[in-house]
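Colleague: Just the structure for this:
(6 chains)
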There are 4 protein chains.
Amino acid sequence: MSTTRGRIDKRQAILDGAFTVFARHGYAQAGVEDVAREAGVAKPTVYNHMTDKATLFRHAMRAAAMDALDQRVAALAPLADPGDDLPATLEAVALTLLRLHTDSRYCALRSLLYSEITHFPDILDIVKEFGLDRVNQALADRLARLALAGRLRTTDPDLAAEQFMALVLGPLEARSQMGTRQLEEAELAGIARAAVETFARAWIVS
Amino acid sequence: MSTTRGRIDKRQAILDGAFTVFARHGYAQAGVEDVAREAGVAKPTVYNHMTDKATLFRHAMRAAAMDALDQRVAALAPLADPGDDLPATLEAVALTLLRLHTDSRYCALRSLLYSEITHFPDILDIVKEFGLDRVNQALADRLARLALAGRLRTTDPDLAAEQFMALVLGPLEARSQMGTRQLEEAELAGIARAAVETFARAWIVS
Amino acid sequence: MSTTRGRIDKRQAILDGAFTVFARHGYAQAGVEDVAREAGVAKPTVYNHMTDKATLFRHAMRAAAMDALDQRVAALAPLADPGDDLPATLEAVALTLLRLHTDSRYCALRSLLYSEITHFPDILDIVKEFGLDRVNQALADRLARLALAGRLRTTDPDLAAEQFMALVLGPLEARSQMGTRQLEEAELAGIARAAVETFARAWIVS
Amino acid sequence: MSTTRGRIDKRQAILDGAFTVFARHGYAQAGVEDVAREAGVAKPTVYNHMTDKATLFRHAMRAAAMDALDQRVAALAPLADPGDDLPATLEAVALTLLRLHTDSRYCALRSLLYSEITHFPDILDIVKEFGLDRVNQALADRLARLALAGRLRTTDPDLAAEQFMALVLGPLEARSQMGTRQLEEAELAGIARAAVETFARAWIVS
DNA sequence: CATGAATGAGTGTTCATTCAT
DNA sequence: AATGAATGAACACTCATTCAT
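Modeller: Next up, the predicted model:
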């Protein structure tokens, strides 16, 4: 069993190391040797597990994207049972999303996806399977339930979800200075509050 | 004079070609030779104008970012004299911004900035000087005027501007599939209308 | 006993596989992994039997060279009792030699010996022990007997043997296009006949 | 002009160096770096002139094969005007051929052709254009003239040429120990004399 | 000033060889 | 004894950069 474990662990270590290194240097600048060092293995071991640098990249990206999607969907959980104060719940969810979105690994993931989509047209599949669209859909599902419960305007949950996400995450782009500025918790809270306030005026049944 | 002209033209050709090539292949994958070919000159000529591949990159990025900012600020012009129907004017502005934002060169610019910010910490200056923050500021100025004119809630024009931009541009991220899907004009118009509607509920004095 | 058998068989399988693979790809291009696969064992098993790739090569070559010599010496057997028609017997022998010489494994053996003699100076021993010189000697012995029996000019059986071999095998070099062209049986027969005819004029007592 | 000269010279140096190195180490074992060093240039310069290691090999082989053919055809020149003593002329020609055939570069050429024909099926063209067959043809032409002049049996100049070459060069294979033993001039002369003697009995009109 | 040619440094990939099981 | 997995060393090929012209 330890053998299998060891192999699995090593594979995981390689994928993790790969993402770390790709995140740090970009695809082209990252050396397979760096990946190996980061994963604590020798260079050929990387090639024993992944045929190519390209394949290595694809697998590492897919794993990271899956993680990211899981985290975001989990962040929506409170909406399943929002309690009396819906705005407060939305604000909490918004804050969690903002924290996730300012995490450096996630920033790196997005940036890598954007910059390598030209060279790896097939990573579009990763985006379709694990991208923000999926979060929007999950959120729309939650909002639809709330609409049925009479707590939200019932017109278009997809649009509501999209605008909620936009109001919450949109401000990050300009404020985070391309991810170089680490936003204070208070600033994130402020964004969340303002987003929910505007969202509420447009969508919440008071 | 024609000599000087020629030199200037050549410099411009090099910067243009550089941005085109960097946009196509990314910084690391782009070859100086490719840039030279694209600009119609020989490789050493590039080095005669720009000391480095890095310098070449910085100059090309700066030029592209300046262009982009100019276009966006120009797009706000209608707000200087909005006429009677403010929502309609906002919608027109929003649509123009969406068109600009889905342009492939702009997508490439953003993606390059994001992916190379690690290797070129100093391109942060470009962002500060010509980034979206500047558009937000310009928009906030316009909105402040409108607030003074009693047509907008007067609380916080900066926040209003930020949320306007978020509602307009935010939906693009999920919908454009990382810039691979070319959005229809109708879809853009839909986004603009929905954005302005929500914005109006929160900010416009009716 | 079956264990020992198995071991011997495995060793033989490894040597055979090794020669096959070396013949196909050349020494440097051949991978030990290929040899292992061809022999139906795992790579370390090869190393359990042969210390080195080099040793493996040497043993495989020696085995192949021994086989080749045996075949050629056996081909001379008819000369022990040539019957009345000496030319006919010589022609039969010549034809057998030609067939052996155009066999693809033998071509590969020669070509490997020639190309690796620089890297493996010691395979010269293989040539001395099992090379064409040995065939010449064996043939010279036969011819000496025939000379004593008054059927051949008695001057120099070594030279006679050498020239017989040259007349028989020499034409192959140009005709076989480096072993790529498979000569027809009729063509081989023609070469044999012509060789014996010329040999006869010079050496046979009529 | 010196520029062009220099480039041509460099190309020639690369081809020469390549053949030298390939001859020394074989195709697979030879490093492009070694070739560059041997040619007195840097590694990328080799790639500037030849796209591939494979292409480099093909060109080097072709050049060497052309040289070899030229030398051999030139060696036949005396037969154009053989004088009174035909056997003596043939012997002289034979000796020259033997000297050419024992040259180490030629041995290497043959051995490389044989060993790499599998990986480079197209070098067969080189053999067809510049191989021994061409020497046989040229020799057959000469012999045909001599036959017309009544000095040779007129039956089959092609066969005569083939057998002449076989009698002269055939003995080398066994004697030279795969090119490792450097044959003495006297030994070569002996081979030549014996070859011509046997050839004469079969073909020369006395 | 513009260019063709040359180079030094670096990277992806392979392979003979060796442990741990 | 036999194997799956790991490694160190090597090598083909590329590219930013610089001379000579």
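Colleague: and A:Val205, what is it in contact with?
Modeller: A:Gly150, A:Arg151, A:Leu152, A:Arg153 (C-beta atoms under 8 Å, 6 or more residues apart in numbering or on different chains). The way it works is simple: take the backbone N, C-alpha and C, and place the C-beta from them, glycine included.
Colleague: State whether the first one is indeed within a helix.
Modeller: No - the assignment for A:Gly150 (DSSP: H, G, I helix; E, B strand; the rest coil) gives coil, which keeps it out of a helix.
Colleague: ok, so of the contacts of A:Val205, who is nearest D:Ile117?
Modeller: Of all the contacts of A:Val205, A:Leu152 has the smallest distance to D:Ile117: 77.8 Å, by C-beta to C-beta.
Colleague: so what pLDDT did the closest one get?
Modeller: A:Leu152 is assigned 94 on the pLDDT scale.
Colleague: isn't it right up against A:Leu159?
Modeller: No - the criterion here is C-beta atoms under 8 Å, and A:Leu152 misses it with A:Leu159 at 11.5 Å.
Colleague: tell me the strands in chain A, going along the chain?
Modeller: Applying DSSP state E to chain A gives no strands.
Colleague: Among the contacts of A:Val205, name the buried ones.
Modeller: Neighbour-count burial (16 or more other C-beta atoms under 10 Å in any protein chain shown) applied to the contacts of A:Val205 gives A:Arg151, A:Leu152.
Colleague: burial of whichever residue of chain A sits closest to chain C, as a residue count?
Modeller: At 12.6 Å from chain C, A:Asn48 is the closest residue in chain A, using C-beta to the nearest C-beta. Residues near A:Asn48, counting by other C-beta atoms under 10 Å in any protein chain shown, number 14.
Colleague: What of A:Ala30?
Modeller: The burial count assigned to A:Ala30 is 21, neighbours taken as other C-beta under 10 Å.
Colleague: how about low-confidence regions in chain A?
Modeller: Along chain A, the parts satisfying pLDDT under 70 run over A:1-8.
Colleague: what does it put close to DNA strand E?
Modeller: A:2-3, A:30-33, A:43-44, A:47, A:51-54 (C-beta under 7 Å from any atom of the strand).
Colleague: Domain ranges for chain A, per the record?
Modeller: Chain A is divided into the following domains under automatic domain parsing: A:1-50, A:52-203.
Colleague: Comparing those, which comes out most buried?
Modeller: A comparison of the domains of chain A by mean neighbour count, using mean count of other C-beta atoms under 10 Å in any protein chain shown, puts domain A:52-203 on top with a mean of 18.
Colleague: do that one and DNA strand F meet at all?
Modeller: No - on the criterion C-beta under 7 Å from any atom of the strand, domain A:52-203 is out of touch with DNA strand F, staying 12.4 Å away.
Colleague: quick one: contacts for the residue of chain A closest to chain C?
Modeller: Per C-beta under 8 Å, 6+ apart, neighbours of A:Asn48: none.
Colleague: contact partners of stretch A:93-101?
Modeller: Under the criterion C-beta under 8 Å, 6+ apart, residues A:68, A:71-72, A:75-76, A:78-79, A:106, A:164-165, A:168-169, A:172, A:183, A:188-189, A:191-192, A:195-196 lie in contact with stretch A:93-101.
Colleague: of those residues, list those near chain D.
Modeller: Among the contacts of stretch A:93-101, not one lies near chain D by C-beta under 8 Å from any C-beta of the partner chain.
Colleague: Convert the C-alpha atoms of stretch A:172-189 to CSV, please.
Modeller: Extracted in CSV, the C-alpha atoms of stretch A:172-189 (Å, rounded to 0.1, in the frame of the first residue of the first chain):
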residue,chain,number,x,y,z
LEU,A,172,-11.2,44.1,-7.5
GLU,A,173,-9.7,44.5,-10.9
ALA,A,174,-9.1,48.2,-10.5
ARG,A,175,-8.3,48.2,-6.8
SER,A,176,-5.9,45.3,-6.5
GLN,A,177,-3.4,46.8,-9.0
MET,A,178,-3.2,43.5,-10.9
GLY,A,179,-3.0,41.5,-7.8
THR,A,180,0.1,43.3,-6.5
ARG,A,181,-1.7,45.2,-3.7
GLN,A,182,-3.0,43.1,-0.9
LEU,A,183,-6.4,44.5,0.1
GLU,A,184,-7.2,45.0,3.7
GLU,A,185,-10.0,42.9,5.3
ALA,A,186,-11.8,46.2,6.0
GLU,A,187,-11.6,47.2,2.4
LEU,A,188,-13.0,43.9,1.2
ALA,A,189,-15.8,44.2,3.8
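Colleague: Go ahead and measure how far that stretch is from the middle of the chain.
Modeller: Taking the mean of its C-alpha atoms, stretch A:172-189 sits 16 Å from the chain's own mean (C-alpha atoms, centre = their mean, to the nearest Å).
Colleague: go on, stretch A:192-202?
Modeller: With C-alpha atoms, centre = their mean as the basis, stretch A:192-202 stands 22 Å off its chain's centre.
Colleague: and the gap between the spatially most central residue of chain A and C:Val73?
Modeller: Central residue of chain A (C-alpha atoms, centre = their mean): A:Ala68, 3.7 Å from the mean position. Going from A:Ala68 to C:Val73 by C-beta to C-beta, to the nearest Å gives 75 Å.
Colleague: ok, the residues of chain A next to DNA strand E vs A:Val127, which is closest?
Modeller: When the residues of chain A next to DNA strand E are compared for distance to A:Val127 (C-beta to C-beta), A:Ala54 wins out at 17.0 Å.
Colleague: so how far is chain B from the closest residue to that closest one other than its chain neighbours?
Modeller: In space, and not counting its chain neighbours, A:Ala54 is closest to A:Phe120: 7.1 Å by C-beta to C-beta, 6 or more residues apart in numbering or on different chains. Counting by C-beta to the nearest C-beta, to the nearest Å, the gap from A:Phe120 to chain B is 11 Å.
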